[in-house]
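J.: With the sequence up front, the predicted model follows.
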Amino acid sequence: MTSSAKSPALRPLRGVRVLSLSLNLPGPAALMRCQQMGASCVKLEPPPHPGAVPGTSGDPMGLYAPAAYQVLHQGVRVAVADLKTEKGQKALHRELAKTDVLLTSFRPSALNKLGLDWKALHKLYPALSQVAIVGAPGARAEEPGHDLTYLAENDLIGALDLPPTLYADMGGSLMASEAVLKAVLLQQRSGKGSYLEVALSEAAGYLALPRSWGLTKKGSAVGGGHAGYRVYPCKDGRVAVAALEPHFAKSLCAAAGIQNANIMTMMSPATHQTIAAYLLTMTRQALDALGVEKDIPLYTLPQ
């Protein structure tokens, strides 16, 4: 095999059937990951609201972000079932009878009302596993919350700006797809289903660990203190520089005319000023070329 040959895609969930009742983002994103890992994925959605355009999804994501909805549901069989009705319940249990892992994202009280609490499910389907996405763990699972509040709770909000992406939702989706893998492994060992809870607040907490350890606090090495790890203005835009390791830092400093760079010099204000002044004279095109020529990790951005 040549070095350029591609390995075949690994599909560890091939033969596993996942049923999702989850709406919006974290659950569908987790289901997308499961489908990409080879699972046979089915989603039951509520019927659209009365008066909605024919063919409209019952998932709010299908209304406010149809392009995202399409990406999230590629390869997923979507069916409509009103779980508050007898007909919908029958459709649900037809699917559950042939499902390996159920993915939900309701509050526990809502699951109880639908007859989907874990004790009842496990009695009916002993081999079925459930991955339950909640906002916060344990007793806090009934609390209202969203991606933004979970990020704020974990000190991941700066000033008044909104985060550039939905970190808790997407981090939670990864944890949920990981939980599906765990559930399948446990099923294979014991022949019994298991219940795994994934809390979005804990996903945010996991993403916040480097901050809680002080790694990204202001003035730390990756918090702006190291002159080789910052975003600088350049002549026609910005440049994200990640020359953190000594050999990268030395290459950056040599380009800027700084000799004998070490960790102490990289943390000094004078080095910051010299590198900033140098980068300000460079265009994005010149910096892109510099990164390739001198093996410096950097990425240029517009203003």
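T.: That came in fine, so what should we check first? Just so we're clear, the structure is a prediction, and the values are computed from it rather than from any experiment.
J.: how much space between residue 22 and residue 269?
T.: Note on residue 22: its distance to residue 269, by C-beta to C-beta, to the nearest Å, is 50 Å. Any C-beta I mention is one placed from the backbone N, CA and C, and that applies to glycine too.
J.: neighbour-wise, which of these two wins?
T.: residue 22 (25 against 8; other C-beta atoms under 10 Å).
J.: residues touching that one, list them.
T.: 28, 30-31, 43, 103-105, 133 (C-beta atoms under 8 Å, 6 or more residues apart in numbering).
J.: Of these, which belong to strands?
T.: Counting by DSSP state E, the part of the contacts of residue 22 found in strands is 43, 103-104, 133.
J.: which residues does the nearest residue to residue 114 once chain neighbours are set aside contact?
T.: Spatial nearest neighbour of residue 114, chain neighbours left out: residue 83 (5.2 Å); criterion: C-beta to C-beta, 6 or more residues apart in numbering. Counting by C-beta under 8 Å, 6+ apart, residue 83 makes contact with 21, 44, 46, 89, 92, 114.
J.: Rebuild the residues you listed as JSON lines, extending it with secondary structure, pLDDT and distance to residue 218.
T.: Output for those, formatted as JSON lines (DSSP: H, G, I helix; E, B strand; the rest coil; pLDDT from 0 to 100; distance: C-beta to C-beta, whole Å):
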{"residue": "21", "secondary structure": "coil", "pLDDT": "98", "distance to residue 218": "43"}
{"residue": "44", "secondary structure": "strand", "pLDDT": "97", "distance to residue 218": "47"}
{"residue": "46", "secondary structure": "coil", "pLDDT": "94", "distance to residue 218": "46"}
{"residue": "89", "secondary structure": "helix", "pLDDT": "97", "distance to residue 218": "54"}
{"residue": "92", "secondary structure": "helix", "pLDDT": "97", "distance to residue 218": "51"}
{"residue": "114", "secondary structure": "coil", "pLDDT": "94", "distance to residue 218": "47"}
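J.: Just the closest of those to residue 78, please.
T.: For these, the residue nearest residue 78 by C-beta to C-beta is residue 44; the value is 8.0 Å.
J.: How many residues are close by that closest one?
T.: 21.
J.: Read off the pLDDT value for the nearest residue to it once chain neighbours are set aside.
T.: In space, and not counting its chain neighbours, residue 44 is closest to residue 81: 4.5 Å by C-beta to C-beta, 6+ apart. For residue 81, the model assigns a pLDDT of 96.
J.: Surely residue 81 touches residue 42?
T.: No. Shown here, residue 81 and residue 42 do not form a contact pair, counting by C-beta atoms under 8 Å, at 10.6 Å.
J.: the more surrounded of those two?
T.: Using other C-beta under 10 Å, the more surrounded residue of residue 81 and residue 42 is residue 81, with 21 against 17.
J.: Which strands or helices does the one helix or strand residue 69 maps to pack on?
T.: For residue 69, the host element (DSSP states H and E) is helix 66-72. Using 3 or more C-beta pairs under 8 Å, 6 or more residues apart in numbering; DSSP states H and E, the elements in contact with helix 66-72 are helix 26-36, helix 60-64.
J.: Just the buried positions in the first one, please.
T.: In terms of neighbour count (16 or more other C-beta atoms under 10 Å), helix 26-36 has its buried residues at 26-35.
J.: ditto for stretch 129-145
T.: Counting neighbours by 16+ other C-beta under 10 Å, stretch 129-145 gives 129-136, 141, 145 as buried.
J.: Residue 45 is in contact with residue 60, correct?
T.: No. Counting by C-beta under 8 Å, residue 45 is not a contact partner of residue 60; they are 10.2 Å apart.
J.: When those two are compared, which one has more neighbours?
T.: Higher neighbour count among residue 60 and residue 45: residue 45, with 19 against 13, using other C-beta under 10 Å.
J.: all strands in the chain, in order from the N-terminus.
T.: 17-20, 40-45, 77-80, 101-104, 129-134, 195-199, 229-234, 237-242, 298-301.
J.: Throw those strands into JSON lines and include distance to residue 255, thanks.
T.: JSON lines is the format used below for the strands of the chain (distance: least, C-beta to C-beta, whole Å):
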{"stretch": "strand 17-20", "distance to residue 255": "51"}
{"stretch": "strand 40-45", "distance to residue 255": "50"}
{"stretch": "strand 77-80", "distance to residue 255": "53"}
{"stretch": "strand 101-104", "distance to residue 255": "50"}
{"stretch": "strand 129-134", "distance to residue 255": "47"}
{"stretch": "strand 195-199", "distance to residue 255": "45"}
{"stretch": "strand 229-234", "distance to residue 255": "13"}
{"stretch": "strand 237-242", "distance to residue 255": "11"}
{"stretch": "strand 298-301", "distance to residue 255": "11"}
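J.: right, so of the ones you listed, which gets closest to residue 185?
T.: strand 129-134 (10.2 Å).
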